[in-house]
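Student: Got a predicted structure here, sequence first:
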Amino acid sequence: MAAVLGIDIGTSSIKAMLLDMEKGVAATEAKAYGVDIPARGYAEQDPQVWWESLLEILHRLRRNHPSVYQEVSAVGFSGQMHGLVLTDRSGVPVRPAILWLDQRAEEQLDRIHHVLSREEMGEVFRNNVSSGFAFPSLLWVKEREPEVFSEAVRLLCPKDYVRLKMTGKTGAEVVDASSTGIFATAERDWAWEMIRRFSLPEELFPPVHESGEIAGEITEECARLTGLRKGIPVIFGSGDQPAQSIGNGVTGPGKLISNIGTGGQISAYISQPVYDTELRTNTFCHAVPGAYTIFGATLCAGMSMNWTKNQLFHLESYDAVNEEASAVSPGSGGLLYLPYLSGERTPHMNPGARGMFFGMTLGQGRGHFLRAVMEGVSYSLKDCLRILQGLGVDAAEIIASGGGASSLLWLQIQADIFGKPVHACTVKEQACLGSCILAAAGTGMLDSLEEGCRRFVTMSDRVYEPVSEHAGIYEDGYEKFRRLYERTADLM
């Protein structure tokens, strides 16, 4: 019996999955942690928290599933994208990681947009450079923390740091590297001309590899701390968006994924680096060799619900959220929610965008607010879907992913607002599963990614069809949602 370990370093938690190559998913474990906000607009995490949290959940897997754990023969990774980890020569972080939610580098972002035209960014990056991307964050560190910057010798993304702890080797892979904002996406390499133009040390940027390539092996120290065998191959891994795409069985064109995690995306596989010339979407390298992914992103998807649940209403469980929201009719009694709690990407690309509830009346209760959040996030994802459709990227149905796919109500709301049937994968941790499949294929335990998807990805029998009676309500709601931003953007 052989097994694979998949690790997903998320924004709000770290997860690990044991995949038995004969029987399928054997176990998953997770450990939650918070985002540090030392000042307004900042969002950081101590990389040591990821490592210590990983050791804890691996200890649980080893204790509770010893027979599968001892058969682990490959390790794969998935991780939150865009974040900046800077390490010294010993591989020790020189400061906390700056996350994708961070908004501090507005001055640096303005300068990037002043120096680079939209056409240049599109041709080279295939993306707009946004707040929270490693590129402007790196410029901020260089200018605001020069002593710290002088100690840095390597730029890593979050999962790259954890992989370094396990293998002792640094490196980058195409998915996360393309999400930093200073990457020549079509060439699948760093944008060296831009790196020189902004006077950044070239040695900061490690060699780039494909996601499924072997990055190194479990070291003796890692084996001592985790109980994994020394010498197990470890692949470079992938940013979380393409990893969850593979975990949903998408390794080719013709399918759309709606992911509601901390953030949210509508994504698709593309064979060429097509991009929106207005730079309202992101085109990054895919974990599938030679392929790309295009998606629109909303920054506060599941985070909007988490904030509403915990900060506004202090509810104990998501079961309570779904129960109360389900008691409210579609349209939430005219209540609208803009999910722009930390700025917004698609379609506005506006770090200054702000969230709001609009249309409150005395007749509304807690359930109206909870349902309005689900509808508002889904409206924002429809903004993303419309842009992809305008680029000729579409599908007859949508696969729902992330924590939002655990809510039956939210699945139905998505079907109604998108006007398409919605399916969901039976395995809930799709990014973990995708990292397992990547590792198995990358180390020869599987013949291909497609074989892994056929064997281990299964979809629920239930399909959420759009309800025709809800179409008019949500068309009207979506139009008001769009106009609400347009009419208040100057106030934001």
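Tutor: Sure thing, it's come through.
Student: Moving C-terminal from the helix ranked longest in the chain, which element do we reach first?
Tutor: When the chain is parsed with DSSP state H, its longest helix is helix 366-390. Going down the chain from helix 366-390, the next helix or strand is strand 398-401, by DSSP states H and E.
Student: Output the contacting helices and strands for that next one.
Tutor: Packing partners of strand 398-401 (3 or more Cβ pairs under 8 Å, 6 or more residues apart in numbering; DSSP states H and E): strand 256-260, helix 408-418, strand 422-424. Every residue, glycine included, has its C-beta placed from N, CA and C.
Student: With respect to burial, which of the ones you listed scores highest?
Tutor: Across these, averaging neighbours per residue (mean count of other Cβ atoms under 10 Å) puts strand 256-260 on top, at a mean of 27.
Student: so what does the host helix or strand of His59 touch, helix or strand wise?
Tutor: According to DSSP H and E, His59 maps onto helix 47-64. If you count contacts as 3+ Cβ pairs under 8 Å, 6+ apart, helix 47-64 packs onto strand 3-9, strand 13-20, strand 24-32, helix 158-167, helix 220-226.
Student: That one: which residues count as buried?
Tutor: Buried residues in helix 47-64, counted by 16 or more other Cβ atoms under 10 Å: Pro47, Val49, Trp50, Trp51, Ser53, Leu54, Ile57, Leu58, Leu61, Arg62.
Student: just stretch 208-220 next, same as before
Tutor: Buried residues in stretch 208-220, defined by neighbour count with 16+ other Cβ under 10 Å: Val208, His209, Glu210, Ser211, Gly212, Ile214, Ala215, Gly216, Glu217, Ile218, Thr219.
Student: In CSV, list those residues along with secondary structure, distance to Gly331 and pLDDT.
Tutor: Below are the buried residues of stretch 208-220 laid out as CSV (DSSP: H, G, I helix; E, B strand; the rest coil; distance: Cβ to Cβ, whole Å; pLDDT from 0 to 100):
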residue, secondary structure, distance to Gly331, pLDDT
Val208, strand, 47, 98
His209, strand, 49, 98
Glu210, coil, 46, 98
Ser211, coil, 42, 98
Gly212, coil, 45, 98
Ile214, strand, 52, 98
Ala215, strand, 50, 98
Gly216, strand, 53, 98
Glu217, strand, 56, 98
Ile218, coil, 53, 98
Thr219, coil, 56, 98
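Student: Show me where the stretch 151-300 of the chain dips below the pLDDT cut-off.
Tutor: Scanning the stretch 151-300 of the chain for pLDDT under 70 picks out nothing.
Student: quick one: the helices in it?
Tutor: For the stretch 151-300 of the chain, the helices defined by DSSP state H, counting those that start in this stretch cover 158-167, 174-178, 192-197, 220-226, 240-247.
Student: and Ala291, which of those helices is closest to it?
Tutor: helix 240-247 (8.7 Å; Cβ to Cβ).
Student: still on that earlier bit, just so I know, which of the helices of the stretch 151-300 of the chain lies nearest Gly24?
Tutor: helix 240-247 (12.6 Å).
Student: for that closest one, packing partners?
Tutor: Here helix 240-247 touches strand 72-79, strand 256-260, strand 264-270, strand 292-298, helix 430-442, helix 449-456, going by 3+ Cβ pairs under 8 Å, 6+ apart.
Student: Could you identify which of these is most buried?
Tutor: helix 430-442 (a mean of 31).
Student: packing partners for it?
Tutor: Helix 430-442 is packed against strand 3-9, strand 13-20, strand 72-79, strand 233-235, strand 238-239, helix 240-247, helix 449-456, with contacts defined by 3+ Cβ pairs under 8 Å, 6+ apart.
Student: That one to strand 3-9, inter-axis angle?
Tutor: 130 degrees (axes from the mean of the first three to the mean of the last three Cα atoms, to 10 degrees).
Student: Columns distance to Leu433 on top of the helices and strands packed on helix 47-64, output as TSV?
Tutor: Below are the helices and strands packed on helix 47-64 laid out as TSV (distance: least, Cβ to Cβ, whole Å):
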stretch	distance to Leu433
strand 3-9	7
strand 13-20	6
strand 24-32	7
helix 158-167	16
helix 220-226	20
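Student: Let me know which of those is tucked in deepest.
Tutor: Most buried of those by mean neighbour count (mean count of other Cβ under 10 Å) is strand 3-9; its value is a mean of 29.
Student: Compare the helices and strands packed on strand 398-401 and give me the one nearest Glu450.
Tutor: Among the helices and strands packed on strand 398-401, strand 256-260 sits nearest to Glu450 (Cβ to Cβ), with 16.7 Å.
Student: Any chance you could list what contacts the closest one?
Tutor: Strand 256-260 has contacts (Cβ atoms under 8 Å, 6 or more residues apart in numbering) with 241, 244-245, 248, 250, 264-268, 301-302, 377, 381, 385, 388, 393-395, 397-405, 410, 414, 418, 422.
Student: Output it in CSV with nothing but the alpha carbons.
Tutor: Output in CSV follows, covering the C-alpha atoms of strand 256-260 (Å, rounded to 0.1, in the frame of the first residue of the first chain):
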residue,chain,number,x,y,z
LEU,A,256,-15.9,26.6,-14.8
ILE,A,257,-15.3,26.6,-11.0
SER,A,258,-16.8,28.8,-8.5
ASN,A,259,-14.7,28.8,-5.4
ILE,A,260,-15.8,30.4,-2.1
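Student: returning to what we had before: so which of the helices and strands packed on helix 240-247 gets nearest Glu123?
Tutor: strand 292-298 (14.9 Å).
Student: quick check, distance from that closest one to the centre of its chain.
Tutor: For strand 292-298, the distance from its own C-alpha centre to the chain's C-alpha centre is 10 Å (Cα atoms, centre = their mean, to the nearest Å).
Student: which helices and strands does it pack with?
Tutor: Against strand 292-298 (3+ Cβ pairs under 8 Å, 6+ apart) you get helix 240-247, strand 264-270, strand 282-285, helix 366-390.
Student: Tell me which of these sits most buried.
Tutor: helix 240-247 (a mean of 30).
Student: between the helices of the stretch 151-300 of the chain, which gets nearest to Met360?
Tutor: With Cβ to Cβ, the closest approach to Met360 among these belongs to helix 240-247: 34.5 Å.
Student: what angle separates the closest one from helix 158-167?
Tutor: Angle of helix 240-247 versus helix 158-167, following the same axes, to 10 degrees, is 80 degrees.
Student: Alpha carbons of helix 240-247, as PDB, please.
Tutor: Taking C-alpha atoms only, helix 240-247 is exported to PDB below (Å, rounded to 0.1, in the frame of the first residue of the first chain):
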ATOM      1  CA  ASP A 240      -4.200  27.000  -4.200                       C
ATOM      2  CA  GLN A 241      -6.400  28.000  -7.100                       C
ATOM      3  CA  PRO A 242      -5.100  25.600  -9.700                       C
ATOM      4  CA  ALA A 243      -4.600  22.900  -7.000                       C
ATOM      5  CA  GLN A 244      -8.300  23.000  -6.100                       C
ATOM      6  CA  SER A 245      -9.100  23.000  -9.800                       C
ATOM      7  CA  ILE A 246      -7.300  19.700 -10.100                       C
ATOM      8  CA  GLY A 247      -9.000  18.500  -6.900                       C
END
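Student: re the thing from before, between the buried residues of stretch 208-220, which sits nearest Leu116?
Tutor: Nearest member of these to Leu116, counting by Cβ to Cβ, is Val208, at 20.9 Å.
Student: Identify the residues contacting Tyr69.
Tutor: Residues near Tyr69 by Cβ under 8 Å, 6+ apart: Ala3, Leu18, Leu61, Arg62, Gly227, Leu228.
Student: distance of the fifth one from Gly390?
Tutor: Taking Cβ to Cβ, to the nearest Å as the measure, Gly227 falls 51 Å from Gly390.
Student: try the first one
Tutor: With the distance defined as Cβ to Cβ, Ala3 ends up 44 Å from Gly390.
Student: With that, I have no additional questions.
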